[in-house]
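Participant: any chance you can model this:
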Amino acid sequence: MPFNLILIFFTSFVLGLSLYPVFIRLYTRNDIIDKRDIRKIHINEVPTMGGVPIFLAFLVSTFIWISNPELQEQRYLIGTLIFIFFIGLRDDFVSLKPIVKLVSQIVPAMVIFYLSDIRITSLYGIFDTNSFSIWLSLPLTIFTIIVITNSFNLIDGLDGLAGTISLIVLTAFGTWFTVVGHSSFGLLMFAMAGSIAAFLKYNWQPAKIFMGDTGALLLGFFFSIITIKFLNINDGLTYGNALKFKGGIATALSVLIIPLFDTLRIFTIRIIKRKSPFTADKNHTHHVLLRLGLSHAQTAIVLGLVNLIFIGLSIIFRYVGDAILVPAMLFIGLNLSLVLDYLIIKQVVSKKGKNPHSLLEIIKSSRKAS
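Facilitator: This next block holds a predicted model:
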């Protein structure tokens with residue numbers, strides 16, 4: 001099986017390396033580029049819709065190396081990925097209204113819920129709830145899919161960041177699924193990982209192509225499905241199994257910590273400022289790191305390392321339950337956010353020629369400045 005993972009990864013990787021230059025020239029020639037505006041941080045106008053070669057390399061390698069019985073097992077997942085791919089493609093050409101985009105995510109989520117039986121069936125004892133009826137499982141499953149799908153879409157604003165985080169998520173989950181015996185899921189994830197690895201070559205600073213909504217929605221939806229599948233399979237493993245994580249929810253959060261933490265942070269900031277949580281701005285975590293002087297590449301590496309640290313901690317504390325780990329993760333995330341805000345405020349105040357000595361002075365000076 002490890003040999004099959006290597007084969008499917010490198011097949012997708014080589015296909016990607018062959019496809020990206022072709023699509024970059026095609027997009028440039030037809031003016032399919034990401035136009036500059038006040039919200040964006042890239043200097044040049046760069047071809048977008050990199051999700052097309054990402055998905056093509058993934059699909060071709062999947063049909064080459066995954067057997068027919070395994071493809072039959074995953075037919076609904078692949079079908080919904082194709083559906084989401086075309087929704088993202090349509091959104092890249094002509095922006096969809098938020099309500100249309102939401103409905104377009106709910107429909108494949110319902111297909112996955114009813115036809116693939118991929119649904120949330122346990123909260124690992126949180127709120128004293130271990131299992132529940134379909135009427136609770138359905139909205140919770142759809143909510144989870146929508147949150148993860150769109151949280152990943154929000155971090156796609158920096159050269160190399162979305163690709164770096166995707167590669168980490170796919171490798172982490174893909175390895176675990178393979179080791180626990182769910183090889184078809186593992187193969188799908190390594191097929192996508194190979195395509196993303198090739199994408200990074202052309203998306204690393206300075207980016208020659210962006211993945212666009214075609215890629216971001218596709219990957220976000222894929223991550224939401226494998227997260228729910230991880231929660232279900234992990235919950236079914238016997239106690240004492242070295243591959244079982246007692247804190248399954250915290251483990252899933254650790255793998256997806258960057259997009260989920262960034263979404264929570266950005267929504268909280270917007271609500272505090274009495275703005276719509278869906279209003280675009282430059283308060284994302286990667287924007288903050290850029291303002292602190294890091295380059296696109298350095299920011300992607302720093303956030304990737306943070307992601308790996310959280311995954312490593314979830315492995316170390318795999319025998320600790322969610323009741324402890326989830327609050328601990330929220331506490332760590334809150335403090336990291338406060339540190340970032342402190343550094344930014346201090347930088348702003350210092351540029352005004354002041355020399356604050358305490359956090360209180362910094363906050364007061366910042367309020368006066370604003």
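Participant: can you name the element that comes right after the host helix or strand of Val14?
Facilitator: According to DSSP states H and E, Val14 maps onto helix 2-29. Counting by DSSP H and E, the next helix or strand C-terminal to helix 2-29 is strand 33-34.
Participant: helices or strands next to that next one in the packing?
Facilitator: Judged by 3 or more CB pairs under 8 Å, 6 or more residues apart in numbering; DSSP states H and E, strand 33-34 is in contact with strand 46-47. (Each C-beta comes from the backbone N, C-alpha and C, glycine too.)
Participant: and the strand it packs on, how far out from the chain's middle?
Facilitator: Relative to the mean C-alpha coordinate of its chain, strand 46-47 is positioned 21 Å out (CA atoms, centre = their mean, to the nearest Å).
Participant: repeat that for stretch 263-271.
Facilitator: 17 Å.
Participant: average pLDDT across that stretch?
Facilitator: Per-residue pLDDT values over stretch 263-271 give a mean of 84.
Participant: that stretch: which residues count as buried?
Facilitator: 263-266, 269-270 (16 or more other CB atoms under 10 Å).
Participant: cool, stretch 76-86 as well?
Facilitator: 76-78, 80-81, 83-85.
Participant: center of this structure - which residue?
Facilitator: Nearest to the mean C-alpha position of the chain, by CA atoms, centre = their mean, lies Phe152 at 3.6 Å.
Participant: can you pull the contacts of that one?
Facilitator: 162, 165-166, 216, 219-220, 223, 256, 259 (CB atoms under 8 Å, 6 or more residues apart in numbering).
Participant: and the furthest pair within those residues?
Facilitator: Distances among the contacts of Phe152 were taken as CB to CB; the most separated pair is Ala216 and Leu256, at 14.0 Å.
Participant: now the helix or strand hosting Phe230: buried residues?
Facilitator: Using DSSP H and E, Phe230 falls within helix 212-236. For helix 212-236, the neighbour count (16+ other CB under 10 Å) marks 212-235 as buried.
Participant: what's the angle from that helix to helix 2-29?
Facilitator: For helix 212-236 against helix 2-29, the angle by axes from the mean of the first three to the mean of the last three CA atoms, to 10 degrees is 160 degrees.
Participant: so what does the helix holding Val14 touch, helix or strand wise?
Facilitator: strand 46-47, helix 51-65, helix 161-179, helix 183-203.
Participant: which of the buried residues of stretch 263-271 lies closest to Ile33?
Facilitator: Nearest to Ile33 among these, with distances taken as CB to CB, is Ile266, at 25.8 Å.
Participant: is the closest one in contact with His284, as I believe?
Facilitator: Yes. Between Ile266 and His284 there is a contact under CB atoms under 8 Å: 5.8 Å.
Participant: measure the nearest residue to Leu217 once chain neighbours are set aside to Ala328 for me?
Facilitator: Spatial nearest neighbour of Leu217, chain neighbours left out: Gly88 (4.0 Å); criterion: CB to CB, 6 or more residues apart in numbering. For Gly88, the distance to Ala328 (CB to CB, to the nearest Å) stands at 35 Å.
Participant: so for these two, which residue has more residues nearby?
Facilitator: Gly88 (29 against 16; other CB atoms under 10 Å).
Participant: in which helix or strand does the more buried one reside?
Facilitator: Using DSSP H and E, Gly88 falls in helix 75-93.
Participant: where does Gly50 fall, phi/psi-wise?
Facilitator: phi -70, psi -10 (degrees, to the nearest 10).
Participant: what's the neighbour count on it?
Facilitator: Neighbour tally, Gly50, other CB under 10 Å: 30.
Participant: let me know whether it touches Met211 as I believe.
Facilitator: Yes. The pair Gly50 / Met211 is scored as a contact, 4.2 Å apart, by CB under 8 Å.
Participant: identify the contacts common to the two.
Facilitator: Between them, Gly50 and Met211 share the contacting residues 199, 203, judged by CB under 8 Å, 6+ apart.
Participant: any idea how far Ile324 is from Leu313?
Facilitator: 12 Å.
Participant: ok, the two, which is more surrounded?
Facilitator: Leu313 (18 against 13).
Participant: for that one, what is the enclosing helix or strand?
Facilitator: Short version, using DSSP H and E: Leu313 is in helix 296-316.
Participant: how distant is that helix from the center of its chain?
Facilitator: Counting by CA atoms, centre = their mean, helix 296-316 comes out at 13 Å from the chain centroid.
Participant: and it with helix 183-203, angle?
Facilitator: 160 degrees.
Participant: and Asp213, what is it in contact with?
Facilitator: 51, 88, 91-92, 153.
Participant: burial measure for the nearest residue to Leu7 once chain neighbours are set aside, as a count.
Facilitator: Distances taken as CB to CB, 6+ apart place Trp65 nearest to Leu7, at 5.8 Å, with adjacent residues excluded. Other residues lying near Trp65 total 18 when counted by other CB under 10 Å.
Participant: what does Val100 give?
Facilitator: Count around Val100 with other CB under 10 Å applied: 12.
Participant: dump whichever strand or helix holds it to PDB, keeping only the CA atoms.
Facilitator: Using DSSP H and E, Val100 sits within helix 98-115. Below are the C-alpha coordinates for helix 98-115, written out as PDB (Å, rounded to 0.1, in the frame of the first residue of the first chain):
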ATOM      1  CA  PRO A  98     -23.900  34.400  -1.300                       C
ATOM      2  CA  ILE A  99     -27.200  32.600  -1.100                       C
ATOM      3  CA  VAL A 100     -26.600  30.800  -4.300                       C
ATOM      4  CA  LYS A 101     -23.200  29.800  -3.100                       C
ATOM      5  CA  LEU A 102     -24.600  28.600   0.200                       C
ATOM      6  CA  VAL A 103     -27.300  26.500  -1.500                       C
ATOM      7  CA  SER A 104     -24.700  25.100  -3.900                       C
ATOM      8  CA  GLN A 105     -22.800  23.700  -0.800                       C
ATOM      9  CA  ILE A 106     -25.900  22.400   1.000                       C
ATOM     10  CA  VAL A 107     -27.000  20.300  -2.000                       C
ATOM     11  CA  PRO A 108     -23.800  18.100  -2.200                       C
ATOM     12  CA  ALA A 109     -23.700  18.000   1.600                       C
ATOM     13  CA  MET A 110     -27.100  16.400   1.600                       C
ATOM     14  CA  VAL A 111     -26.000  13.900  -1.100                       C
ATOM     15  CA  ILE A 112     -23.000  13.000   1.100                       C
ATOM     16  CA  PHE A 113     -25.200  12.700   4.200                       C
ATOM     17  CA  TYR A 114     -27.900  10.400   2.700                       C
ATOM     18  CA  LEU A 115     -26.100   8.500   0.000                       C
END
